[in-house]
Each structure stands twice: as structure tokens, then as C-alpha cells.
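Q: have a look at this fold, sequence not included:
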């Protein structure tokens, strides 16, 4: 049974999952709203008071999801769109979140998803370029290291690419790093922020544990086990679900969390900084023109890309392993469009 205080909190109209103060109206479109990530993501976005309009699209199931979440007692308007209504779903969208695609199954890497998801993301990006070219695009569909360059190249071909408006959502790596470090040192996650840089798969995920206030408490074998768990946390979920899916709920939470950060920046809040995978100059000289690092979000999306800061010797090794792998992933995405 809920404690009475919890019931009261849920009953209050002001209760929200993500704190915010709206100064603009934001319409958010979710492409892939009927899937394992899309459904909980839609619910969480309905709970975000910065979202005033929610447009849910999928090849099947989105109108039903829209009808369901529309009953949640927040002020945003919700509309669902079927397979042949993509243009209508995108009309007037300020932010487009893309969780569409097939989920990962046991034994699959993110790269195994490429052939199917690459085509889906490319086609959705073409529609966005045509219908809502100024929208901010948040890519969740894996493999993010490759799908974000696919979107960029597709938008470039259409003449609408704005690097300030395109984001790969790597927030799940950040969420996992914070949670796993907290478990390791016996702290509350609020005490263990971790910046995670690089990409969004296996060895391209580089957690900067040394920069966390509690990070210096983890050394030796514990450190290596922690890094491995952050890099391959998705495998843990795929295995535990035993063929029934991948990290859908935690990914939906991470996607909603990043969307809220972006909306806060777009609405004028200062100092909104979070890691995200964007067009970046940090390692462009090494052929890596997309990279996740701390990004300050503002009224036009990407406002400032922060440098990595001091790295420990272990983190420098992780970065050296990340860059060539990330370069291959980026080239794979670009080549798909070309």
C-alpha cells in the first residue's frame, strides 16, 4: 500500500517527474510511440509540464497509446497517428524523438541492428527534412553511433542540416554510470554524477569516473568491473529478459530526461549541461566528427561543446580504444546514405 504522503503527492496537479517552468509552448513528436521504448517514453513526456503538445506516431498502435496516455491529468494535448499519417504527426513539431526500430535480442550487438534500423531512421529523417526542417531531432534508435550520422547525411542531402539541432541520446550511459557508481561506493546517486563521453556502444562508452566526487574511491579490480558494467549494461538487461526485449524502461526514462533538459535549454534556462552525441570538433582531426561530451543547451539547441577536462591514465586508454571504433561506426552510417 502507498504511504499517504506518496498518494497525496501523486494527486497534486503540480506533481511532475521532471521539474520545469515553461516559458514557451513545445510540441514533441515521438516516432515509434507504439514500441517498447516509445510507450513508456510517451507516458513520461505526458508527465513533463514543458510538453504542451504530444504527437505520437508508429506504423501500428500509436492511436491507442495516445488515447491511453491522454487520460493522464497534465495539460498537454495528445494526438496519435497511424502509418500513413507521418506528415501530420510531424507538422509543427519543435522536438522529434526517434525510438523507432527493432530491439536488441540475446547475442545481438548494436551493429547487428544496423541494416533494419538504418533504413527506418533514414526514411524518417527524410520526412522530417520535408515537413519540419527546423525541429530538434533526438535519436534513440540503435546503433546511435551510426544512426546519428545517417540522419545528418540525410538532412545534408535535403539542405536542412543544422548541427545545433541534432542529438544522439546517450543519457542511459550517464544514468547507469551514476547508479552503478553509487552502488559501488555506498552512496546516493545524487552524490555520484558521472560524465560519460565517446559513443553509445561497448568500448566507445568512456565514463570519466575520476571527475566524479566519489570516483577516487574506486580502484583496481573494482574500477575495471565498474567500467565494464557501464559499457555493457545493456547486455545485462537483454540477458535478464531472456529473449523478451532489451533496456526499454530505463531507456525511456533516459530519453525523457534528456528531452526535458533540451526543453529547459530551449525555454531559456541557463546552465543546462549534459552529455549528448553531436557533431563535434573535439576529435575532428582524427576523423571523428560526432562525439558525446558535456554540451550546454540553449535557445537554439547546442550552445557550447565542453572539452573533456583532465583524464586519468585509465580513462586516456579508454579514449584511445574508443576513437578508432567510433570512427568506423560513423563512416558506416555515412556510407549507408551515400
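A: That came through fine. Just so it is clear, the model here is predicted, and its values are computed rather than measured. Numbers count the residues shown, from 1 in each chain.
Q: quick check: can you list the domain ranges of the chain?
A: The chain breaks down by automatic domain parsing into domains covering 23-168, 171-337.
Q: mean confidence (pLDDT) on the first one, please.
A: Throughout domain 23-168, pLDDT has a mean value of 94.
Q: save the domains of the chain as a markdown table, and put in mean neighbour count too.
A: Where C-beta positions appear, they are placed from N, C-alpha and C, glycine not excepted. As requested, the domains of the chain are exported to a markdown table (neighbours: other C-beta atoms under 10 Å):
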| stretch | mean neighbour count |
| --- | --- |
| domain 23-168 | 21 |
| domain 171-337 | 19 |
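Q: which non-adjacent residue is nearest residue 148?
A: residue 168 (4.1 Å; C-beta to C-beta, 6 or more residues apart in numbering).
Q: I'd say the one you found and residue 147 touch.
A: Yes. Applying C-beta atoms under 8 Å as the test, residue 168 and residue 147 come out as touching, 7.5 Å apart.
Q: common neighbours of these two, please.
A: Residues touching both residue 168 and residue 147 (C-beta atoms under 8 Å, 6 or more residues apart in numbering): residue 139.
Q: how about the residue nearest to residue 291 when sequence neighbours are not counted, what does it touch?
A: Setting aside the residues directly before and after it, residue 291 is nearest to residue 280 in space (C-beta to C-beta, 6+ apart), at 4.1 Å. Residues counted as contacts of residue 280 (C-beta under 8 Å, 6+ apart) are 288, 289, 290, 291, 293, 305.
Q: now the last one: how far from residue 202?
A: The span separating residue 305 from residue 202 equals 23 Å under the rule C-beta to C-beta, to the nearest Å.
Q: please apply the same query to the fifth one.
A: Per C-beta to C-beta, residue 293 is found 18 Å from residue 202.
Q: which neighbouring elements make contact with the longest helix along the chain?
A: Counting residues, the longest helix in the chain under DSSP state H turns out to be helix 313-337. Packing contacts for helix 313-337, counted by 3 or more C-beta pairs under 8 Å, 6 or more residues apart in numbering; DSSP states H and E, involve helix 114-131, helix 144-158, strand 195-198, strand 205-208, helix 220-231, strand 288-298.
Q: would JSON lines of those with distance to residue 82 be doable?
A: JSON lines is the format used below for the helices and strands packed on helix 313-337 (distance: least, C-beta to C-beta, whole Å):
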{"stretch": "helix 114-131", "distance to residue 82": "14"}
{"stretch": "helix 144-158", "distance to residue 82": "23"}
{"stretch": "strand 195-198", "distance to residue 82": "37"}
{"stretch": "strand 205-208", "distance to residue 82": "36"}
{"stretch": "helix 220-231", "distance to residue 82": "38"}
{"stretch": "strand 288-298", "distance to residue 82": "33"}
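Q: what's the residue nearest to residue 148 sitting at in phi/psi?
A: Main-chain torsions, residue 168, degrees, to the nearest 10: phi -90, psi 130.
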